[in-house]
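Chemist: sequence unknown, structure follows:
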């Protein structure tokens, strides 16, 4: 799939032509009458009709509008034209509250990501003649993160398990995981949703089965007599699935009416104009970075399916998504890119592959960072790079790069170069002569357990232990009446990346 200028022009023309619809014009007139300002009408129209599948173009963000009677939410849901039943009830309102009233941390980012990803989903869903609203499943599944991995191993934007991905033909191996590919995974999602619709003929049951599996839904239907809607079997479904359909309906509301609450999209970092080229030889992202100059982090973001920064095109071709502006340069320098240090990148004796780390040429240690002092550490029995990095407050990758290492293997007696801030050189210079327990204590680690010392928990609060794959949104959804904003503020966390596995989070005060 290619997001070309012609596609963007087509989308924009459809958006503008849709604005001629009488109901839409009436809605804008009502907004105008309520605001009683011409510029408010213009901005409302500008937001509403240029942000569904295009980059955010609106140019201001007022105070959020949150306190509305439930009847307004109900009426707005009823006004959404959709082949999927968007029932309004207390369960749906609960999730509207979560997304709309408690979304100031997350909604702008979701809107920004959606402007990039949704055109991909819409085109694929359209090809399978499926409702475009199904794209909103990705908000619930992964918050539009192609690298999302759940505790159960579900992976990618659409959160497919390994067996489901393989069953539908996705390539999953040491180098490639097409569950992370927004295009390939969307095609599989469309096939899977089509198969489910052929079973149920009811979109809410399809959405429920997407979450918990058709077997669970079939058992619930049998228990109510063999027929029934989602709401008829609601009480027989797992707790997560009971929440799943109301959450989906609430996301429909959010993306239809976010402008009514004065939300606007945050800028998303991926380039809008991209194109695909086919790769027919082994290629490392660093080869592209070195010859063309595009940062390999940007290549990763556009091509998340390649787990080791390597396109393993030995016996088949693979797609590579790049900004359209650099495609001509890539084609012109293709031979230079493929041959750049190929004897190093694809020689297993000289180059070791580690997923999504900075790969280091075995023969070229990284230079000394400015403002640092050079120290030496002599490796002792029991030492590992992880411990040493903790003691010096640096990363394992730093130590490897400073010492030209391609693995974490250490020999007793090896001397490692470590760079530390000049002002703290005396503090870190002592480490080389300390015992293991002394070094652990200095780093705030209990030598008896090799775990960081924990602050005592406040007995007045309920706590949650962060698990692998958790994010603030998902944790907040596990508890009634707990918003993501409250969760982050209570635990002094700035963003989702501030979570660590094993961390104890305050949830709420005990009643």
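Modeler: Cool, got the structure. Just so it is clear, the structure is predicted and the values come from calculations on it, not from any experiment. Residues are numbered from 1 along each chain as shown.
Chemist: in the stretch 51-200 of the chain, what spans have low per-residue confidence?
Modeler: 51-66 (pLDDT under 70).
Chemist: what about the residue nearest to residue 96 when sequence neighbours are not counted, distance to residue 264?
Modeler: Leaving aside its sequence neighbours, residue 96 sits nearest to residue 250 (CB to CB, 6 or more residues apart in numbering; 4.5 Å). For every residue, glycine as well, the C-beta is placed using N, CA and C. If you measure residue 250 against residue 264 using CB to CB, to the nearest Å, the figure is 19 Å.
Chemist: about what we covered before: my guess is the residue nearest to residue 96 meets residue 102, correct?
Modeler: No: with contacts defined as CB atoms under 8 Å, residue 250 does not count as touching residue 102, sitting 11.4 Å away.
Chemist: So those two - more neighbours on which side?
Modeler: Each of residue 250 and residue 102 has its neighbours counted (other CB atoms under 10 Å); residue 250 has more, 28 against 19.
Chemist: And for residue 287, the neighbour number?
Modeler: By other CB under 10 Å, neighbour count at residue 287 equals 24.
Chemist: Just list the residues touching it, thanks.
Modeler: Contacts for residue 287 (CB atoms under 8 Å, 6 or more residues apart in numbering) come out as 337-338, 340-342, 345.
Chemist: tell me the contacts of the residue nearest the centre of the chain?
Modeler: Central residue of the chain (CA atoms, centre = their mean): residue 145, 1.9 Å from the mean position. In this structure, residue 145 makes contact with residue 157, judged by CB under 8 Å, 6+ apart.
Chemist: where does it land in three-state SS?
Modeler: Applying DSSP: H, G, I helix; E, B strand; the rest coil to residue 145 yields a three-state assignment of coil.
Chemist: Begin at 36 from now on, thanks
Modeler: I'll keep to 36 as the first residue from here, and by that count the last item is residue 180.
Chemist: from the contacts of residue 322, which would you call buried?
Modeler: Neighbour-count burial within the contacts of residue 322 applies to 372-373, 375, 380; the criterion is 16 or more other CB atoms under 10 Å.
Chemist: nearest residue to residue 362 other than its sequence neighbours?
Modeler: Counting by CB to CB, 6+ apart, the nearest residue to residue 362 once its immediate chain neighbours are dropped is residue 310, at 5.3 Å.
Chemist: After the longest helix along the chain, which helix or strand is next?
Modeler: Ranked by residue count under DSSP state H, the longest helix found in the chain is helix 142-162. Using DSSP states H and E, the helix or strand that follows helix 142-162 towards the C-terminus is helix 172-177.
Chemist: how many other residues sit next to residue 186?
Modeler: Look at residue 186: counted by other CB under 10 Å, it has 10 neighbours.
Chemist: Show me the protein divided up by domain.
Modeler: The record's domain parsing of the chain by automatic domain parsing lists 36-85, 101-296, 309-380, 407-485, 496-544.
Chemist: Could you identify which of those domains is most buried?
Modeler: Among the domains of the chain, ranked by average contacts under mean count of other CB atoms under 10 Å, first place goes to domain 101-296 (a mean of 19).
Chemist: from the contacts of residue 322, which ones fall inside helices?
Modeler: Counted as lying in helices by DSSP H, out of the contacts of residue 322, are 372-373, 377, 380.
Chemist: any idea which element residue 354 lies in?
Modeler: Per DSSP H and E: residue 354 is located in strand 353-358.
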